[in-house]
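1. model the structure of this input:
(one chain, ligands or ions: 1)
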Amino acid sequence: EDAVHKTKVVILGAGLTGVTAAKALALERNIADFIIVEALPEVGGRLKPTSIGGYPIEIGANWVQGLGTNPIWALAQKYNVTNAFSDWENIDYFDGGGYDFDGKLGEAFDRYEEQAIVNATKISDLRQERGQVDLNFRAGLNLAGWVAKTPYEKTAEYFEFDWEYAEPPVQSSFIQNINSFIYNFDGFGNSSNNFVFDKRGFRMIAQGQADEIPNLAEKILYNETVTTIAYSKDGVIVTTADNTTIEADFALCTFSIGVLQNTDVTFEPGLPDWKKDAIANFHMATYMKIFVQFPSKFWNDTEFSVYADPDERGYYAVWQSFDVEKFYPGSNLLMVTLTSEQAYQAELQTEQEVIDACMAVLRTMYGAGIPSPIEIVIPRWTLDPLFRGTFTNWGAGATVEQQNAIRAPLPDPDMPNPQSQRLFFAGEGTSRKYFGYLQGAYYEGRLASAVIADCAENECLTSEKTAYSKREILGEKEGLEKRAYVGGGLRSRHFA
Ligand SMILES: Cc1cc2nc3c(=O)[nH]c(=O)nc-3n(C[C@H](O)[C@H](O)[C@H](O)COP(=O)(O)OP(=O)(O)OC[C@H]3O[C@@H](n4cnc5c(N)ncnc54)[C@H](O)[C@@H]3O)c2cc1C
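-> Below is the predicted model of the structure:
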């Protein structure tokens, strides 16, 4: 017999967004009648621990990005997640000839940080003040006087931009990615990045919250892959691959933008054009961290080694050593990150092909005599139908209105009867300020749960106040709009 569940609120996905929303419903709004549906056998989603050679590693989110008042920092402390400062300035530089004795790469890094980004930030501010259209990030850098010509300049730019946003500047929004730097790194009052290495996994910030939900076991359906979401003004019916149905008054869909862009889940009726446009115009970027363990350590004690490939920008450029005192001394462990096209290609390669590519670069950096790896972990996020990439990047040409449209509820919020809103959307990809980050998932989960709880209490949003503007109001309560940035130097700026 196919199972049928009836509930007030169904939460689709048990990543950080879904778990945070569920906890807020249960503990802050006293709504106990909800069900979480998750394809995997556990909570956490893109918080995904595994191990290599006995050392815990994270193939998904890894850094608390911005400490201070970042809610992720609070969760990491609450659940005692092991972490340490990750020093992005502790770098050894290499080029096609091995160690960069001339310091050309380091010099390019300094110029990018001290000139290009400072100028670009001023130009982006001015454009916003004047209400000028957004540009792509490459254009913004160009106006700031930065034209990357040499492999050194290209590599510096790759480290500073692609290695954070997982896409090249030309594909990315200028204004929104400048804003992202500010909101995430200065907005919380402490721009540090801390790297998580915990044997229980970074997923503890989701698991810990889930464990606080009363009777969780009765409220969560694991190993259930949603195939259809049917919505109307009267409610939502969700169907899974093994024909379980969940009938609910309200649904919160937390699937990634990548999942929404694909045809893994069918909406009935199909999504309206204004929503399809918006989803299509945002980017699900790919940030692929490859972990490699060696029989011995042939590199030195710096945290990062950056390699400027003479031919291909960003090719196996950023290497991170775990074999440092504060992480895993004696581990003989390196991590290299690929993004975008280079990641898509590597995801399609065999393990041996990826090892060969790693070794060719490492031999250029450290000489022919280095040993072959003993173990490798190769995540393939883009090929995974539950994620379809790693996190949202605000693409060039995507507008704030489209961003509103991604998170807007269905049926259409402009319908005459606001009580018809039944299907809501939240996730890192619906966050205007914190897209791509755990804090985006956390804030959006909380805010969506508040909007749904209001709606369940017959205070649905009116058509003048869309879910988005309401969430902005709620956001202010949470301090999201705080505009006093304390960060100094490079990334500081002033808002009107
Ligand atoms: C490689 C990588 C590195 C990252 N690095 C950082 C970092 O250092 N710092 C940082 O702040 N953020 C980082 N992020 C981003 C961060 O992980 C995300 O912002 C956050 O985890 C997203 O949470 P979410 O709940 O919105 O989405 P998800 O975690 O994707 O949750 C959605 C859930 O829905 C489930 N699901 C999907 N489809 C279906 C279906 N059809 N049926 C049922 N269930 C389904 C999924 O299994 C998943 O559990 C990184 C992400 C990745 C992948």
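2. tell me the centre residue of the protein?
-> Against the mean C-alpha coordinate of the chain, by CA atoms, centre = their mean, the closest residue is G436 at 3.0 Å.
3. how close does it sit to N179?
-> 12 Å (CB to CB, to the nearest Å). Every C-beta, even on glycine, is put in place using the N, C-alpha and C of the backbone.
4. burial count for the closest residue to P379 other than its chain neighbours?
-> Distances taken as CB to CB, 6 or more residues apart in numbering place I59 nearest to P379, at 4.0 Å, with adjacent residues excluded. I59: 20 surrounding residues under other CB atoms under 10 Å.
5. give me the low-pLDDT residue ranges for the stretch 1-150 of the chain?
-> Where the stretch 1-150 of the chain drops to pLDDT under 70, the residues are 1.
6. helices of that one, residue ranges please.
-> 16-28, 71-78, 104-111, 117-130, 137-143 (DSSP state H, counting those that start in this stretch).
7. so who does the residue nearest to P379 touch?
-> 48-50, 289, 291, 377, 379, 381 (CB atoms under 8 Å, 6 or more residues apart in numbering).
8. swap in Y316?
-> 307, 309, 336, 338, 342, 357-358, 361.
9. how about a cut-off of 10 Å?
-> 290, 307, 309, 336-338, 342, 346, 354, 357-358, 360-362, 364-365 (CB atoms under 10 Å, 6 or more residues apart in numbering).
10. thinking again about what came up before, hey, what's in contact with both of G436 and N179?
-> Going by CB under 10 Å, 6+ apart, residues that sit against G436 and also against N179 are W394.
11. tell me the span between the first and last residue of stretch 314-326.
-> 27 Å (CA to CA, to the nearest Å).
12. can you give me the mean pLDDT across that stretch?
-> For stretch 314-326, mean pLDDT rounds to 98.
13. gap between it and the chain center?
-> Distance of stretch 314-326 from the chain centroid (CA atoms, centre = their mean, to the nearest Å) equals 20 Å.
14. which positions within that stretch qualify as buried?
-> 314-324 (16 or more other CB atoms under 10 Å).
15. and it with the ligand, contact?
-> No: for stretch 314-326, no contact with the ligand is found by CB under 6 Å from any ligand atom; the gap never falls below 12.0 Å.
16. element containing the residue lying closest to S372 once chain neighbours are set aside?
-> Once flanking residues are discounted, S372 sits nearest to M359: 6.6 Å by CB to CB, 6+ apart. Taking DSSP states H and E as the criterion, M359 maps to helix 351-366.
17. confirm L386 sits in a strand?
-> No: under the criterion used here (DSSP: H, G, I helix; E, B strand; the rest coil), L386 is coil, not part of a strand.
18. and it, how many neighbours?
-> Neighbours of L386 (other CB under 10 Å): 18.
19. ok, now which ones touch it?
-> 13, 15, 38-40, 45-46, 225, 255-256, 258-259, 264.
20. so which of the residues you listed are also by the ligand?
-> Restricting these to those near the ligand - CB under 6 Å from any ligand atom - leaves 13, 15, 38-40, 45-46, 225, 255-256, 259, 264.
21. get me the contact residues on the stretch 101-250 of the chain for the ligand.
-> 225-226.
22. ok and the residue in the stretch 101-250 of the chain nearest the ligand?
-> V226 (3.6 Å; CB to the nearest ligand atom).
23. can you pull the pLDDT of the residue lying closest to Y315 once chain neighbours are set aside?
-> Leaving aside its sequence neighbours, Y315 sits nearest to D309 (CB to CB, 6+ apart; 4.0 Å). pLDDT for D309: 98.
24. D309: neighbour count?
-> Count around D309 with other CB under 10 Å applied: 19.
25. try the one 3 residues further on
-> When neighbours are counted by other CB under 10 Å, E312 registers 12.
26. name the helix or strand for it, please.
-> Short version: E312 belongs to no helix or strand, going by DSSP H and E.
27. ramachandran coordinates for it?
-> Phi and psi for E312, reported as degrees, to the nearest 10, are phi -110, psi 120.
28. so who does it touch?
-> 151, 154, 341-342.
29. tell me the buried residues within these.
-> Looks like these have 151, 154, 342 buried, using 16+ other CB under 10 Å.
30. out of the helices of the stretch 1-150 of the chain, which is the most enclosed?
-> A comparison of the helices of the stretch 1-150 of the chain by mean neighbour count, using mean count of other CB atoms under 10 Å, puts helix 16-28 on top with a mean of 26.
31. and the angle for it with helix 71-78?
-> Going by axes from the mean of the first three to the mean of the last three CA atoms, to 10 degrees, helix 16-28 is angled at 70 degrees with respect to helix 71-78.
32. returning to what we had before: turn the contacts of E312 into CSV, including secondary structure and pLDDT.
-> Rendered in CSV, the data for the contacts of E312 read as follows (DSSP: H, G, I helix; E, B strand; the rest coil; pLDDT from 0 to 100):
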residue, secondary structure, pLDDT
P151, helix, 98
K154, helix, 98
E341, helix, 98
Q342, helix, 98
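33. pick out the most distant pair among those residues.
-> Using CB to CB, the contacts of E312 span at most 17.5 Å, a distance reached by P151 and E341.
34. ramachandran coordinates for the residue of the stretch 101-250 of the chain closest to the ligand?
-> According to degrees, to the nearest 10, V226 has phi -70, psi 130.
35. residues contacting it?
-> V226 neighbours (CB under 10 Å, 6+ apart): 10, 12-13, 37-39, 238-241, 244, 246, 251, 253, 255, 259, 264-266.
36. quick one: distance of stretch 96-106 to the chain centre.
-> The answer for stretch 96-106 is 32 Å, by CA atoms, centre = their mean.
37. C-alpha coordinates for that stretch, CSV please?
-> C-alpha atoms of stretch 96-106 as CSV (Å, rounded to 0.1, in the frame of the first residue of the first chain):
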residue,chain,number,x,y,z
GLY,A,96,55.9,26.9,-15.0
GLY,A,97,59.5,26.9,-13.9
GLY,A,98,58.8,25.7,-10.3
TYR,A,99,59.2,28.0,-7.3
ASP,A,100,58.6,31.6,-8.3
PHE,A,101,61.9,33.1,-7.1
ASP,A,102,61.2,36.4,-8.9
GLY,A,103,58.1,37.0,-6.8
LYS,A,104,56.1,37.9,-9.9
LEU,A,105,53.0,36.1,-8.7
GLY,A,106,53.1,37.6,-5.2
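38. for that stretch, which positions count as buried?
-> Buried residues in stretch 96-106 (16+ other CB under 10 Å): 100, 104-105.
39. Three-state assignment for the nearest residue to N179 once chain neighbours are set aside, please.
-> Nearest residue to N179, sequence neighbours excluded (CB to CB, 6+ apart): K433, at 7.0 Å. Following three-state DSSP, K433 is assigned to coil.
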